[in-house]
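Asker: Got a predicted structure plus its sequence, pasted below:
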Amino acid sequence: MFFRQTPTFEKPESTPQGSNPPIVTEPQQQDQKPHETPKKITTHNFCYHQKFENKSYIVCEVDPEKYDISLFLNNANGEPFKYFRNVEKYLREQGKTIAFAVNGGMYHKDFSAVGLYIENGKTLHPVSTKDGPGNFHMKPNGIFFVEGKKAGVMDTDRFLKSTIKPDIATQSGPMLVIENKIHPRFIVNSPYLEYRNGVGIRTDGTVVFVNSEGRVNFEEFARFFRDEMKTPNALFLDGSVSSLYAPELKRYDWWYGLGPIIAVAIPLETQDSKSGN
């Protein structure tokens, strides 16, 4: 059973029922992930490396007042984007480019979203409140959203009681930090380690995306958000498939097909002028 009567540690990592399992396309070393050869590097300062308790993370911060945060799932033909490169191609046709992007939540085998998914103000998949196996259903789970120029992370029950009408939203789980408190199911020194990524919101409105560079447990990942990143609310996005596209760090993950993708885009001319082209 996913919920133990007397838990001593979290449930071993498992994808939601019907979700896409990890698919390794090329051999990997134990604690190293492959990256594509970089194509162009921006000079914007969104992402950086950060150490916390001898663990390494990549942090990407964005002010939603200054930059648009977008969600991508399917192209105009209804086909899943799946890869960052496809989102980049789509954006370039509009005169934009990815500043950085991350996987944006859990998904099924057909790459459709597991829970709530709102894009451009339209609900493409309804919210999920049911119980079930896997990390997504480790309650409370939550929702990352952007409404106008304000972003938020909120547990699902609270979100449903609110009057928020988001432009974009993606549901995942579990919540990592809820009002400055670590998720009650997390256990200190849990042996279940995995690559992880998530998103948190600072009190000044800054959106903080984090990808671990090594395998970490839920409790230490949550404390990184709360204690180091100072985010009173934070949401887990995914585990083993956690991926990052960050040109300024020469990071171009490519090995997993993805469902929802969160991206911050900038104008191509801005990038080109800043890079001297």
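Answerer: Ah, there it is. Numbering: from 1, shown residues only.

Asker: can you tell me how far Asn141 sits from Gly200?
Answerer: 15 Å (CB to CB, to the nearest Å). To be clear about C-beta, it is placed using only N, CA and C from the backbone, and glycine gets the same treatment.

Asker: actually Arg185, sorry about that
Answerer: 18 Å.

Asker: more neighbours, the two?
Answerer: More neighbours surround Gly200 than the other of Arg185 and Gly200, with 25 against 19 (other CB atoms under 10 Å).

Asker: okay but the more buried one is in contact with Met175, surely?
Answerer: No: when contacts are counted by CB atoms under 8 Å, Gly200 is not listed as touching Met175 (10.1 Å).

Asker: Find the residues that touch each one of the two.
Answerer: By CB atoms under 8 Å, 6 or more residues apart in numbering, Gly200 and Met175 have these common neighbours: 153, 233-235.

Asker: Highest neighbour count among those residues?
Answerer: Busiest of the shared contacts of Gly200 and Met175 [other CB under 10 Å] is Leu235, holding 29 neighbours.

Asker: Just the element for it, please.
Answerer: Per DSSP states H and E, Leu235 falls inside strand 233-238.

Asker: who does the helix or strand that that strand is followed by touch, helix- and strand-wise?
Answerer: Using DSSP H and E, the helix or strand that follows strand 233-238 in sequence is strand 244-246. When contacts are defined as 3 or more CB pairs under 8 Å, 6 or more residues apart in numbering; DSSP states H and E, strand 244-246 packs onto strand 55-62, strand 96-103, strand 251-252.

Asker: which residues are in contact with the following helix or strand past the second one?
Answerer: So that's strand 96-103. For strand 96-103, the following helix or strand on the C-terminal side (DSSP H and E) is strand 117-119. With contacts defined as CB under 8 Å, 6+ apart, strand 117-119 is touched by 71-73, 105, 123-125, 145, 166-171, 260.

Asker: Swap in 6 Å and give it another go.
Answerer: Strand 117-119 is touched from outside by 71, 124-125, 166, 168-170, with contacts defined as CB atoms under 6 Å, 6 or more residues apart in numbering.

Asker: ok, and for the helix or strand following it, which residues are buried?
Answerer: Downstream of strand 117-119, the first helix or strand assigned by DSSP H and E is strand 122-125. Neighbour counts over strand 122-125 (16 or more other CB atoms under 10 Å) mark His125 as buried.

Asker: now the helix or strand hosting Asn211, how far from the chain's geometric center?
Answerer: In this structure, Asn211 sits in strand 207-212 according to DSSP H and E. The chain centroid and the centroid of strand 207-212 are separated by 7 Å, computed with CA atoms, centre = their mean, to the nearest Å.

Asker: again, but for stretch 236-252
Answerer: 8 Å.

Asker: For that stretch, give the mean pLDDT please.
Answerer: Averaging pLDDT along stretch 236-252 yields 95.

Asker: For the remainder of this discussion, apply numbering that starts at 857.
Answerer: All set: I'll call the first residue 857, so the last point we hit is now stretch 1092-1108.

Asker: Let's verify Phe992: helix, strand, or coil?
Answerer: Here Phe992 is helix, with the state taken from DSSP: H, G, I helix; E, B strand; the rest coil.

Asker: Would you confirm that it contacts Gln1027?
Answerer: No: using CB atoms under 6 Å, Phe992 makes no contact with Gln1027, being 8.1 Å away.
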